[in-house]
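Sequence first, predicted coordinates after that:
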Amino acid sequence: MEIRHLVFLQSMNNILLYICSSLGLYAVIARRLPTWQISIRRSQSHGVCARKFKLAEHTLEEISTSPFAPLLAMTRKGLVFLLPLLLYTLPSYSQSDSTITIYHNATIYSVDSLFTKYDAMAIVEYPLNEKKNKILATGQIEKLKTKYPNAILNNVKGKYIYPGFIDAHCHFFGLGVSMQIVDLVGTKTYEEVLERCKKYYNTNKGNYLMGRGWDQNDWPKKEYPTNEQLNLLFPDIPVVLKRIDGHAALVNKKALAIAGIKKGTKIKGGEIILKDGKPTGVLIDNAVDLVMKVIPKMSDIQIKLAVEQAEKKCISVGLTSAVDAGLEMDTIYKIAKFLRDINVYAMPMFTTDFIESHDANIDHPIDYDKLHLDGVKVYIDGALGSRGALLLKPYSDNPKSYGLELKSYKELQKIFLWCAEYGYPLNAHCIGDSATRIYFKLIEELKPILKKNIYKWRIEHAQVVDTNDLHKFKKYGIIPSVQPTHATSDMYWAEERLGKQRVKTAYAYKDLLKAAGVIALGTDFPVEDVNPLYTFTSAVWRMDSNEFPKNGFQIENALTKEEALRGMTIWAAYSVNAERYTGSLEPNKQADFIIFDTDLMNATFKQCRNAKVIGTYIRGKRVYSR
Ligand SMILES: [Zn+2]
């Protein structure tokens, strides 16, 4: 169909809208007004969370470009009231402004409740309004051809189709940022870190230097570095080099000076590592924030570039949705502006800025087209690698330390109550078993007040969980959100931190799945590689890229292939309350899917890791192809 035909149809659409609104046929209007549909859908999709936000103002702006704007504005109350009832009772209007494509000669893993396989799938696309693109049907090619005789046939030549992967816990924006700074991932020595910094600075210059990705566990001397050499290389600009987990940073003398960190500086929930009574430049958890506060903010152009690069990377590995686990509100607003295709579920950090934005948002909601607000992110403790995880018993390799409490119990109480009152899921970072215990204790204690308002709250990482707490996931409906590649990265030193007995309660994904009935899988990128196939192989085989260890690390906690795939698709969607729209290939869902060259369900470890994405589709639109 040519554009002029589409334009003609759109004008006919507008005229019909006018007639319908005059006659009070709200449901017909609703079906022809995709922006309204999306608004309603959004409030369903985000349940209590979105309840607080009025229908988006931009929706009204869009409508007001139509000549019938005043009329439509008048009918808006009626629309909202009647929509849910009438939306599904009237037949669809003509699909002449749409195209139907049948993907066939494929093995389609629908990941529906029965894990059904099909060989064909029909998708409808609306060139003028891609928000309406959806899956029409799945089934056998002959039946679909009879049902949609005018459909375009797309032969995928025996390849494999899966629902688009969803990373249930990642740092989407952080990935984009890490692509703009010195990449220190995989450095084998501290000297290599310095070398990469020097090289980066020589080409990029700037009035500060940021880097991320070093891990002292990969170096010959598995100790934290000190900043002497860094000070010699960069005496005049502040340098901040974050550890791979983001919970520690090596900073130079200049950065310490600007942040006002001295010998005796104390910081709650953080640590300033000293040697001979002097700061070495290594900062842990809240101490890192002291320096981050004085580093200049990114410009809009840098942010745009970061978002674009992160999106490009994600879709190239088959991700159609990413759950960003912790962002400031002003960053969320900006990301919303620059996103193109990928669905991003953003967890705002619980800060005063967020509370202020929340109040302001009631009247001025942000564009939720591609960006959705998820629950609020809170850190209860730090990471295991930097001994910041809060443990019930002391660290096995440091009997004096229990880890770090990043927020006081009183502060947490307030946050829990606020989230329950305003209907935001509370997604808490809990690595140590004591952090998880605190999370459940707060829920138990506040239960009489919270009542039914705990809906799809999550524990992020759930890395070490005391067996006595496992049953509480189901009891309170808490979703464990875990990252299988953490298990295969940390297995080299986790036992040192936790000891022989306690390590058995760590990275226990099968136990968590049994306990909660659901498990959401992610990567925590850029802490780990973005590739979701590594999540899949780590979850199923519990081996790293070197196929170590041969029989899998604590293999009793491996997931089956089906469970892993569910964790990366439908359960991940469920964890952000989006399971009605994405996460599986079923009629009426968004057509978010990927075509792979490999049958993951019947492939070996190696074949899975080397599987290639042939195409990534978001809302039916091809956004990446090999
Ligand atoms: Zn994270």
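Nice, thanks for sending it over.

Name the nearest residue to Phe525, ignoring sequence neighbours.
Leaving aside its sequence neighbours, Phe525 sits nearest to Cys170 (C-beta to C-beta, 6 or more residues apart in numbering; 4.8 Å). The C-beta positions use only the backbone N, C-alpha and C, and glycine is treated the same way.

Then Asp369 would be within a helix, right?
No: the assignment for Asp369, made by DSSP: H, G, I helix; E, B strand; the rest coil, is coil rather than a helix.

That one - how many residues pack around it?
Neighbour count for Asp369, taken as other C-beta atoms under 10 Å: 15.

and if you look at Tyr201?
Residues near Tyr201, counting by other C-beta under 10 Å: 17.

residues contacting the closest residue to Lys221 other than its chain neighbours?
Spatial nearest neighbour of Lys221, excluding adjacent residues (C-beta to C-beta, 6+ apart): Tyr190 at 7.9 Å. Listed by C-beta atoms under 8 Å, 6 or more residues apart in numbering, the contact set of Tyr190 reads Trp214, Trp219, Lys221, Pro225, Gln229.

Tell me which residue in the stretch 451-600 of the chain sits closest to the ion.
Closest approach between the stretch 451-600 of the chain and the ion, counting by C-beta to the ion: Asp524, at 4.5 Å.

and the residue nearest to Phe525, how far is that from Leu600?
Using C-beta to C-beta, to the nearest Å, we find Cys170 at a distance of 20 Å from Leu600.

more neighbours, these two?
Using other C-beta under 10 Å, the more surrounded residue of Cys170 and Leu600 is Cys170, with 27 against 19.

how about that one, what does it touch?
Neighbours of Cys170 in contact, by C-beta under 8 Å, 6+ apart: Ala322, Val323, Asp324, Ala325, Gly522, Thr523, Asp524, Phe525, Val530.

Could you identify the most distant pair in those?
Farthest pair in the contacts of Cys170 (C-beta to C-beta) is Ala325 and Val530. Separation: 14.2 Å.

Which of those two has more residues huddled nearby?
More crowded of Ala325 and Val530, by other C-beta under 10 Å: Ala325, with 27 against 21.

Let me know the pLDDT of that one.
According to the prediction, Ala325 has pLDDT 96.

That one: helix or strand, and which one exactly?
If you go by DSSP states H and E, Ala325 is part of strand 319-327.

Now the following helix or strand past that strand: buried residues?
Sequence-wise, the next helix or strand downstream of strand 319-327 (DSSP H and E) is helix 329-338. For helix 329-338, burial by neighbour count (16 or more other C-beta atoms under 10 Å) applies to Met329, Thr331, Ile332, Lys334, Ile335, Ala336, Phe338.

Just list what helix 329-338 packs against, helices and strands only.
The contact analysis (3 or more C-beta pairs under 8 Å, 6 or more residues apart in numbering; DSSP states H and E) places helix 329-338 against helix 172-178, helix 300-316, strand 343-348, helix 352-361, strand 371-373.

Gly477 is nearest to which of the ones you listed?
Comparing the helices and strands packed on helix 329-338 by C-beta to C-beta, strand 343-348 comes nearest, at 18.1 Å.

what's next to that closest one, contact-wise?
By C-beta under 8 Å, 6+ apart, strand 343-348 touches 172, 320-329, 332, 335, 354, 357, 370-377, 427, 576, 578, 582, 592, 618.

Now with 6 Å, please.
Around strand 343-348, the neighbours that count as contacts under C-beta atoms under 6 Å, 6 or more residues apart in numbering are 172, 321-327, 329, 332, 354, 370-372, 374-377, 427, 576.

tell me, which of those make contact with the ion?
Contacts with the ion within the contacts of strand 343-348, as defined by C-beta under 5 Å from the ion: Ala325.

tell me the contacts of Ile459?
Ala428, Cys430, Tyr439, Ile478, Pro480.

Confirm it sits in a helix?
No: if the criterion is three-state DSSP, then Ile459 is strand and not within a helix.

ok, and the closest non-adjacent residue to it?
Nearest non-adjacent residue to Ile459, counting by C-beta to C-beta, 6+ apart: Cys430, 5.1 Å away.

how many other residues sit next to the one you found?
28.

circling back to that earlier point, want to throw the helices and strands packed on helix 329-338 into a markdown table with mean pLDDT and mean neighbour count?
Converted to a markdown table, the helices and strands packed on helix 329-338 look like this (pLDDT from 0 to 100; neighbours: other C-beta atoms under 10 Å):
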| stretch | mean pLDDT | mean neighbour count |
| --- | --- | --- |
| helix 172-178 | 93 | 25 |
| helix 300-316 | 94 | 19 |
| strand 343-348 | 94 | 25 |
| helix 352-361 | 76 | 14 |
| strand 371-373 | 87 | 23 |
